[in-house]
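>>> Here is a sequence together with a model predicted from it:
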Amino acid sequence: MQKKHKESLLGVDIGGSHITASLIDMANTCVVPKSYSREKVKDNGVPEEILDVWINCIKRSIDLGGADESNVKIGIAMPGPFDYERGISLITGMNKLESLYKADIRAYLSTKLAIPKENIIFRNDAEAFLHGEAHCGAVKHASTALGITLGTGVGSAIHSAGTTLDANLGISPFKEGIVEDYLSTRWFVSRYTQLTGKEIADAKPVFDSASANDSLALGIISEFTSNLSEFLYNFSIRERPGAIVLGGNIAKAYPLYLDQVNANLVKLGINVLVVPSALGEDAAMLGMAYYLNGNCPEEKNILKSAETPAQTAGDLISTVLEP
């Protein structure tokens, strides 16, 4: 019979199309491999289709790790908008998890998992991602860092003096729309359809074709690179970070664009290295474990003024980043 752990920390990373869960070994700063569980989620499904997958994934992770469910603390990295204190989804108009709008996720999970509500904690997914990378990942030596997650949506956070906070820039104005219109999966899908008349489900076909030197796909990557460079410039000129780390599914294709992004930022006067995640999907789960374990100073406002400085004027950016 498998021995039960007295106390366990379970990290959970929820995205628009997936859920990943694992017990966390804080002594060795890593996930417990045998407890790792991942499931695809029907992002536009009805509540039961989404929540039942979450429940099954979490239960499987607890069982695989031999944890005592009555003594598990669950830290869930969740995309916004979300009422993290009360555990209520406020996601609407985002083309993902729409059916959960105003649902009390904490109460549902508590009932189905037989885990006390107070043992289920939520946190913004970009915060959790950067918290993990800042403590034991790609930017652990930086005093100040920015974290960007690129996938179904765009997450953003800033880490300074041991505190990590959501920057919530995914829905901020950018070009002719908002940031997510130009840097998320839907931009790749939309741009590919505009240029070819064909539909794709996600960005992977573009990345695969670009890797094979397809000129159309390379052109799309070039546009994305310019958009990402401009966004990071706007963010960096205000916050002056020591490092920037990228995560999320789109960041997995970083060999196709990251060198050029760094070169663009240098041309724009931003001498800060942009690096890929060192922890991958484990980053948010580890970040949640640190959070549950009390390794998070009292939150304070570390974000600077949201006003866009004069240096971000389109003239400078368009001139430097011109193809």
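Thanks, I have the structure now.
>>> Show me where the stretch 151-300 of the chain has its helices.
For the stretch 151-300 of the chain, applying DSSP state H, counting those that start in this stretch gives helices covering 180-183, 185-196, 204-211, 215-239, 258-267, 282-292.
>>> ok, and for the third one, which residues are buried?
Put plainly, it is helix 204-211. 205-207, 209-210 (16 or more other Cβ atoms under 10 Å). From N, CA and C alone the C-beta is placed, and that goes for glycine too.
>>> for that helix, packing partners?
Here helix 204-211 touches helix 185-196, helix 215-239, going by 3 or more Cβ pairs under 8 Å, 6 or more residues apart in numbering; DSSP states H and E.
>>> on that earlier part again, what's the most buried one of the helices of the stretch 151-300 of the chain?
helix 282-292 (a mean of 28; mean count of other Cβ atoms under 10 Å).
>>> what residue ranges in this protein score low on pLDDT?
1-6, 295-323 (pLDDT under 70).
>>> Give me the most central residue, it.
residue 149 (3.8 Å; Cα atoms, centre = their mean).
>>> What's the separation between that residue and residue 293?
22 Å (Cβ to Cβ, to the nearest Å).
>>> and residue 133, what does it touch?
With contacts defined as Cβ atoms under 8 Å, 6 or more residues apart in numbering, residue 133 is in contact with 139-140, 145, 147, 245, 247, 277-279, 283, 287.
>>> which of those lies closest to residue 7?
Taking Cβ to Cβ as the measure, residue 7 lies nearest residue 287 of the contacts of residue 133, at 18.9 Å.
>>> Tell me where the stretch 51-200 of the chain has strands.
72-78, 82-83, 88-89, 120-124, 144-150, 154-160, 163-166, 173-174, 177-178 (DSSP state E, counting those that start in this stretch).
>>> Tell me which of the ones you listed approaches residue 192 most closely.
Nearest of the strands of the stretch 51-200 of the chain (Cβ to Cβ): strand 144-150, 16.3 Å.
>>> that older thread, with the buried residues of helix 204-211 in mind, which one is nearest to residue 23?
Ranked by distance to residue 23 (Cβ to Cβ), those are led by residue 207 at 31.8 Å.
>>> Go ahead and confirm the closest one touches residue 254.
No: Residue 207 lies out of contact with residue 254 (Cβ atoms under 8 Å); the separation is 10.2 Å.
>>> Contacts only, for residue 143.
Contacts of residue 143 (Cβ under 8 Å, 6+ apart): 160-161, 242.
>>> let's see it at 7 Å
Residues near residue 143 by Cβ atoms under 7 Å, 6 or more residues apart in numbering: residue 242.
>>> returning to what we had before: for the helices of the stretch 151-300 of the chain, give me CSV that also has distance to residue 85.
Shown next, in CSV, are the helices of the stretch 151-300 of the chain (distance: least, Cβ to Cβ, whole Å):
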stretch, distance to residue 85
helix 180-183, 24
helix 185-196, 29
helix 204-211, 36
helix 215-239, 25
helix 258-267, 35
helix 282-292, 13
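>>> Many thanks, have a good one.
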